[in-house]
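In: fold the following for me, if possible:
(one chain, ligands or ions: 2)
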Amino acid sequence: MALYFALARGTEGCTALDMSKHLDSNYHSLVPELELDFTPEPDFSLLIDRVEAGQKLLGKEAAVPLVVGPLTLVLLARLAPGLSPSAALHRILPAYSCTSPASAPTPATAPWTSSRPHTATWLPRAAPSTWSSRTATSRQPYWERQLACLWRHSAWTSWASGGGDANRTAELVAELAKAGGWPAGLRLGAGIVDGRAVWKDDADTLLALLAGAVLPGHQAHQRPEQRLPAAPALGRRGGALVEDPNHATHAASGEPGAAPRAAMSRGLTAELRAKSGVCGAEGEADRGGHASRSRVSALACALSMARRGGVAAIPADCFRRSEAFAVRRSKQPQFRAFPTSTIGSFPQTAEVRRARAQLTKGLLTLEQYQARMDALITHAIGVQEGLDIDVLVHGEAERTDMVEYFGEQLEGLTAFTANAWVQSYGSRYVRPHHCVDVACAPMTVREWRSSQTPACTGRFVKGMLTGPVTILNWSFPRKDVSRRVQAMQLALACARRWTRCRIVQVDEPALREGLPLKNERWQSYLTWAVDAFRLSTAVARPDVQIVTHLCYSNFEDILQAVDDMDADVLTIENSRSGDEMVRALSNAGYCKDLGPGVYDVHSPVVPPVEWFVDKIASFVATCEQFKDCPDRLWVNPDCGLKTRAWSEVIPALRNMVQAAQIMRERHAKQQPVAGSGAATPTGVRRSALASAAAPLAAAAEGPPQAS
Ligand SMILES: CN1c2c(nc(N)[nH]c2=O)NC[C@@H]1CNc1ccc(C(=O)N[C@@H](CCC(=O)N[C@@H](CCC(=O)N[C@@H](CCC(=O)O)C(=O)O)C(=O)O)C(=O)O)cc1
Ligand SMILES: N[C@@H](CCS)C(=O)O
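Out: Residues are numbered from 1 along each chain as shown. Ligands and ions are numbered 1, 2, ... in the order given. Presented below is the predicted three-dimensional model:
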């Protein structure tokens, strides 16, 4: 257990495994590292114990073993330099029980060219013989892309069944038809309930469509979820159930509206359909940090046109800053070399949560609650001033969650329930809201009181917003209005949240995870997603610095889109991935200001000053452009600090600020900025971890809390 925690959270002198959102979900998983000469030693005993325990409880057919398949594992892993995917696959295959060695995919026939994983369910060699043969030979490709792909390669398989994702049934049907129907002798198990939505699916129509797509004589077998419509699909888009609200907790709470999936009846969907289109409350845009009056009127005009004619009517001008980066940069706040900042949130302490709980229970009045929040904000500002951080944040104390909070502020976004939690990683959960109707209601004055430059500091305080694409991707959007339209509605709402801030951060950590799994759909998604971000920010005056934040996804895939967002400063999570994104941005010629994360916010480890110095030095070494303009290289943590304790945050930030100061002095003396080697490269992780696990194990008094 100690080793697992060391891998997940890092330990003194050794960074944790990279963490990445799983495909197109908000669920984070750790990225395994495969070394050049690895020889897997399979140990499935934990899995086997758990499945057998489940089978005793639920029956043999209900507790099904799920194992990540070798192709998926290899394609999602980080491979050591020189290790090809096919070599890794051949090394890993013996750990799995293939139906026969000859039937295993070979590099020549396997669909390597796809960037997505392929098969998910294999039976480990060590599995008990009592596990059914049906289970043993079931392959479950989640993704519509692979369904067609896989049966083209069916020569090397002997499936009893293939699992598919029928959430995009029309496309699936078209693919099946194009491929000549479902192959004879194979059963098709199709997920017919969208496991990542709260709306009730029309399972009958989906089944009828599917039945029409299979060859005569074949049968589309219904999966259990069809008999139990309130349960999520097994062969569904997200694969695991982590993206479903926790219905059990929800129902147990006895809240009105329990059993949400049942409550989201077709009647409601029809009602929603009738409501489609842009609508929203009237209201004057706040002119504070907005561009010129004419641009504000353009936005007002866009809003009213959008209400009448939909988002297509928004003028192109509303998607562009009024001046190009090269021109506006000099008008924005200027800072010393290696300026320091943070990403937004500070510890959500027991005190913060207690105040919220007391407000909910009526034990605090709104005024008393707000006074507590103000005190917390003042404390956060004071800490940052004391640490000599250049650009401050208010600390987000008033936000349960960066999306849930905005869900509460925006009319039309309905908080789902008090208890329908969705797992984000480890033991951390979020409560996504429904996008019901996204109106353009002005945000309350209260919110901006906390994020405008508070009177208690003379320093810049970043205004902190969650961007439209992230709000959309971390909610349960309507299914009867396109995601593009909903993103634009949200963007229009965000665009009106401007104040007198000279620096505004619009977080878009979920931009990448909305990327469709099929590469051919990427461009269309990226076009509207980037447009939505730009629509939400383009209204800023040229002298307002727009910052954005991206984290825990492979943004290397979408560098052009990142550049097209046209943010003045990009802050990115970086420290677990060995500066991959920094290198990628540098190679791509990214030329705007950059804040690569210098330390891992999910680790309790407080890195020493030299470690930070090395990190910053490595950025300068990688990105030539910062050698001459280090005022454009921001020094900040990977992400928000809400899961940390102040006792970790303060020393870590103190070291970070001190390292920035050392770098400034070196730069002033024009000394070389090479590091001392204190920062651990990911390659040497294994041996460092082995020794790390021992003291951790000794010290552990109980399972550490996920953070
Ligand atoms: C930045 N990230 C985010 C993602 N997704 C989001 N939607 N939001 C994000 O910020 N994805 C990527 C990353 C990393 N993700 C996360 C996700 C979640 C957390 C986190 O710390 N979650 C907390 C949520 C706690 C919370 O909201 N608590 C409420 C009170 C809840 C409540 O009702 N409690 C009951 C019972 C309490 C008890 O029995 O103990 C009560 O008070 O009565 C609150 O604060 O008001 C978590 O704990 O999981 C972090 C990063
Ligand atoms: N401003 C947010 C961004 C998280 S991705 C935070 O600091 O928590």
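In: tell me how far Leu66 lies from ligand 2.
Out: Per C-beta to the nearest ligand atom, to the nearest Å, Leu66 is found 29 Å from ligand 2. C-beta coordinates here come from the backbone N, C-alpha and C atoms, glycine included.
In: check Arg583 too.
Out: Separation of Arg583 from ligand 2 (C-beta to the nearest ligand atom): 22 Å.
In: that residue contacts Thr622, doesn't it?
Out: Yes - with contact defined as C-beta atoms under 8 Å, Arg583 reaches Thr622; the gap is 5.5 Å.
In: pLDDT score for the closest residue to ligand 1 within the stretch 51-200 of the chain?
Out: For the stretch 51-200 of the chain, the residue closest to ligand 1 is Arg196, as judged by C-beta to the nearest ligand atom, at 13.8 Å. Listed pLDDT for Arg196 reads 70.
In: next: the one 10 residues further on.
Out: Taken from the predicted model, the pLDDT recorded for Leu206 is 68.
In: backbone dihedrals for Gln486, both of them.
Out: phi -60, psi -40 (degrees, to the nearest 10).
In: no no, Gly595
Out: The phi/psi pair for Gly595 (degrees, to the nearest 10) reads phi -130, psi 80.
In: so the residue in the chain positioned nearest to ligand 2 is in which element?
Out: At 2.2 Å from ligand 2, Gly640 is the closest residue in the chain, using C-beta to the nearest ligand atom. Using DSSP states H and E, Gly640 falls within no helix or strand.
In: can you check Phe619 too?
Out: helix 609-622.
In: check which element follows that helix along the chain.
Out: Using DSSP H and E, the helix or strand that directly follows helix 609-622 along the chain is helix 625-628.
In: buried set for that following helix?
Out: Buried residues in helix 625-628, counted by 16 or more other C-beta atoms under 10 Å: 625-626.
In: show me what the helix or strand following that helix is packed against.
Out: Next helix or strand after helix 625-628 toward the C-terminus (DSSP H and E): helix 646-668. With contacts taken as 3 or more C-beta pairs under 8 Å, 6 or more residues apart in numbering; DSSP states H and E, helix 646-668 sits against helix 366-387, helix 609-622.
In: just want the angle from helix 646-668 to helix 609-622.
Out: Orientation of helix 646-668 against helix 609-622 (axes from the mean of the first three to the mean of the last three C-alpha atoms, to 10 degrees) gives an angle of 50 degrees.
In: ok, residues contacting helix 646-668?
Out: Residues outside helix 646-668 that contact it (C-beta atoms under 8 Å, 6 or more residues apart in numbering) are 336-340, 342, 346-347, 349, 383-384, 387-389, 598-599, 604, 606-613, 615-617, 620, 630, 635-637, 641, 644, 672-673.
In: briefly note if it comes near ligand 2.
Out: No - Helix 646-668 stays clear of ligand 2 (C-beta under 6 Å from any ligand atom), getting no nearer than 11.8 Å.
In: and the closest residue in space to Ala561 that isn't next to it in sequence, what does it touch?
Out: Spatial nearest neighbour of Ala561, excluding adjacent residues (C-beta to C-beta, 6 or more residues apart in numbering): Leu526 at 4.3 Å. Shown in contact with Leu526 (C-beta under 8 Å, 6+ apart): 515, 558, 560-561, 564.
In: can you redo the residues you listed as CSV with neighbour count and distance to Met1?
Out: Compiled in CSV, those are given as follows (neighbours: other C-beta atoms under 10 Å; distance: C-beta to C-beta, whole Å):
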residue, neighbour count, distance to Met1
Leu515, 21, 35
Ile558, 21, 36
Gln560, 12, 43
Ala561, 20, 40
Asp564, 16, 44
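In: go through those residues and flag which are in helices.
Out: Members of the contacts of Leu526 lying in helices (criterion: DSSP state H): 560-561, 564.
In: from those residues, which single one is nearest Ser25?
Out: Taking C-beta to C-beta as the measure, Ser25 lies nearest Ala561 of the ones in helices among the contacts of Leu526, at 19.2 Å.
In: check what pLDDT that closest one gets.
Out: 97.
In: and Glu35, how close does it get to Arg91?
Out: Separation of Glu35 from Arg91 (C-beta to C-beta, to the nearest Å) stands at 10 Å.
In: actually, Thr349.
Out: Taken as C-beta to C-beta, the span from Thr349 to Arg91 is 46 Å.
In: between the two, who's got more neighbours?
Out: Using other C-beta atoms under 10 Å, the more surrounded residue of Thr349 and Arg91 is Arg91, with 19 against 15.
In: quick revisit: contacts with ligand 2 among the ones in helices among the contacts of Leu526, please.
Out: Within those, nothing lies near ligand 2 by C-beta under 6 Å from any ligand atom.
In: can you redo those as CSV with distance to ligand 1?
Out: Below are the ones in helices among the contacts of Leu526 laid out as CSV (distance: C-beta to the nearest ligand atom, whole Å):
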residue, distance to ligand 1
Gln560, 23
Ala561, 19
Asp564, 23
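In: up against ligand 1, what does the chain have?
Out: Applying C-beta under 6 Å from any ligand atom, we find that the chain lies next to ligand 1 at 26, 353, 356-357, 400-403, 418, 424, 428-430, 474, 509, 640, 642-643.
In: just to revisit the earlier point, am I right that the residue nearest to Ala561 falls within a helix?
Out: Yes - under DSSP: H, G, I helix; E, B strand; the rest coil, Leu526 falls within a helix.
In: number of nearby residues for Ile343?
Out: Close neighbours of Ile343, defined as other C-beta under 10 Å, add up to 27.
In: apologies, that question was intended for Leu653.
Out: Residues near Leu653, counting by other C-beta under 10 Å: 24.
In: cool, thanks, signing off.
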